[in-house]
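1. A structural model of the following input is requested.
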Amino acid sequence: MGEKKKRKKKRRRRLVGILLTAGILVLAALLFFVIFQTKTVEVTGNERYTEDEIRQIVEQQEPLSFNTVLLTFFPVHTDFSGVPFLETISYELVSPSAVRAVVEEKVTTGYVEVDGQKAYFDGEGIVLECIPVEVETEQAEESLDTQPVGDTEEQTQEQGEALDSESLPTARVDVEEYDPNLEDIPEVTGLNVTAAVVGEQLPVEHTEIFEELDALTRLLDRFDLWPEQVEVTEDWELILHYPENIRILLGSDAYLEEKITKLSGILPQLDGLSGELHLEDVDERSGDALFSQDTAEPDAGQETQEGGETADSDGGQTQT
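-> Predicted structure coming up:
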């Protein structure tokens, strides 16, 4: 009898221990999910997409976004192919209820216009997205319209046809869901592109040009010198086009960093002028740059900060 009572007591103690342990684990789990509940998502590193859009992407594509610890240390590596200009999102724990989303966006080199679309491509010439020119025009007009006027049935039908048209097979609904800021991306001309397919490389004669354009893009981004247009000549040399008809002749990609560094000091001094800045011969030893003015300017004798003067009154060439 004594042995049976001892065994019953042991079983009872074991059961109590199991229940107590389970209770503690359940309580700990509840506290874990309550304390580390995601209430704030900070966003950094984004340029193409707004903070609200990034938060929406996190909420929709990260199944563990409700918990800051799980999101930070056990993120699900989701496929961001539906968001054309987004590369990755990593997470940092800021506080028990706050997490920071560190955004890495794809480097967009430029766009080419082909078949009524703007085909945006990266440093390898891979097309990231094709957006019908009509859609971009409509979006720009809507952003400038300060009056909340509703779309008519005819306008809605026209927009739907622009997106669903068989002649624009690469236009995707993602452009409507997320509205990336693409205003600083220059048009690239001279590549003679006749077709563009999302996910494929633009068909050009010399694919090496994409490496040159990628290097140029990174330098322009570093100095914040985005042009309106990048022209590729028949000799595969580069010309930058800025407002007021300023053309920057870079020549080949040799000494490209020295040329863009030189440009960063000269470009502000060309405000109000029109002409060509010759940087083809700039290298690591020579810092000379020649500016050829298109027309006479009333203050043509104004001195520049790069060691010379602007073009003379006859529209001639002056060293800077």
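2. shaky segments in this protein?
-> The chain contains residues with pLDDT under 70 at 1-2, 4-6, 135-176, 287, 295-320.
3. what segments of it are helices?
-> Counting by DSSP state H, the segments of the chain that form helices are 2-35, 51-61, 68-73, 133-144, 153-164, 174-177, 208-223, 256-266.
4. wait, which of those helices is closest to residue 123?
-> helix 208-223 (2.9 Å; C-beta to C-beta). C-beta here means a position set from N, CA and C on the backbone, and glycine is covered the same way.
5. now the angle from that closest one to helix 256-266?
-> Put simply, helix 208-223 runs at 40 degrees to helix 256-266, going by axes from the mean of the first three to the mean of the last three C-alpha atoms, to 10 degrees.
6. if we can go back for a sec, dump the helices of the chain to TSV, plus distance to residue 189.
-> Below are the helices of the chain laid out as TSV (distance: least, C-beta to C-beta, whole Å):
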stretch	distance to residue 189
helix 2-35	55
helix 51-61	30
helix 68-73	44
helix 133-144	15
helix 153-164	24
helix 174-177	23
helix 208-223	12
helix 256-266	19
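7. I'd like the ones you listed as CSV, with distance to residue 277 and mean neighbour count appended.
-> Formatted as CSV, the helices of the chain follow (distance: least, C-beta to C-beta, whole Å; neighbours: other C-beta atoms under 10 Å):
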stretch, distance to residue 277, mean neighbour count
helix 2-35, 60, 10
helix 51-61, 38, 16
helix 68-73, 49, 19
helix 133-144, 30, 13
helix 153-164, 39, 12
helix 174-177, 36, 14
helix 208-223, 15, 17
helix 256-266, 6, 19
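8. wait, which of those is closest to residue 106?
-> Here helix 208-223 is closest among the helices of the chain (C-beta to C-beta), at 11.4 Å.
9. if I pick residue 39, what's in contact with it?
-> By C-beta atoms under 8 Å, 6 or more residues apart in numbering, the contact set of residue 39 is 97-98.
10. distance of it from residue 68?
-> Going from residue 39 to residue 68 by C-beta to C-beta, to the nearest Å gives 9 Å.
11. anything in contact with each of the two?
-> With C-beta under 8 Å, 6+ apart as the test, residue 39 and residue 68 both reach 97-98.
12. re the thing from before, between the helices of the chain, which gets nearest to residue 232?
-> Nearest to residue 232, of all those, is helix 208-223, at 6.2 Å by C-beta to C-beta.
13. restricting to C-alpha, output that closest one in PDB.
-> These are the backbone C-alpha positions of helix 208-223, laid out as PDB (Å, rounded to 0.1, in the frame of the first residue of the first chain):
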ATOM      1  CA  GLU A 208      29.500  46.700 -73.300                       C
ATOM      2  CA  ILE A 209      27.600  50.100 -73.400                       C
ATOM      3  CA  PHE A 210      25.500  48.900 -70.400                       C
ATOM      4  CA  GLU A 211      28.600  48.700 -68.200                       C
ATOM      5  CA  GLU A 212      29.600  52.200 -69.200                       C
ATOM      6  CA  LEU A 213      26.100  53.500 -68.500                       C
ATOM      7  CA  ASP A 214      26.100  51.800 -65.100                       C
ATOM      8  CA  ALA A 215      29.400  53.400 -64.100                       C
ATOM      9  CA  LEU A 216      28.100  56.700 -65.300                       C
ATOM     10  CA  THR A 217      24.800  56.400 -63.400                       C
ATOM     11  CA  ARG A 218      26.600  55.700 -60.100                       C
ATOM     12  CA  LEU A 219      28.800  58.700 -60.600                       C
ATOM     13  CA  LEU A 220      25.900  61.000 -61.500                       C
ATOM     14  CA  ASP A 221      24.100  59.700 -58.400                       C
ATOM     15  CA  ARG A 222      27.100  60.400 -56.200                       C
ATOM     16  CA  PHE A 223      27.300  64.000 -57.300                       C
END
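14. mind giving me the packing neighbours of it?
-> The helices and strands touching helix 208-223, judged by 3 or more C-beta pairs under 8 Å, 6 or more residues apart in numbering; DSSP states H and E, are strand 108-114, strand 229-232, strand 238-242, helix 256-266.
15. just how off-centre is that helix within its chain?
-> Centre-to-centre, helix 208-223 and its host chain are 14 Å apart (C-alpha atoms, centre = their mean, to the nearest Å).
16. also stretch 224-240?
-> Computed by C-alpha atoms, centre = their mean, the chain-centroid distance of stretch 224-240 equals 19 Å.
17. again with stretch 185-199
-> With C-alpha atoms, centre = their mean as the basis, stretch 185-199 stands 17 Å off its chain's centre.
18. in it, what's buried?
-> By neighbour count on 16 or more other C-beta atoms under 10 Å, the buried set for stretch 185-199 is 185-186, 188-191, 193, 196, 198.
19. ok, the most centrally placed residue in the chain to residue 128 distance?
-> Closest residue to the average C-alpha location of the chain: residue 48 at 4.6 Å, with C-alpha atoms, centre = their mean. For residue 48, the distance to residue 128 (C-beta to C-beta) stands at 10 Å.
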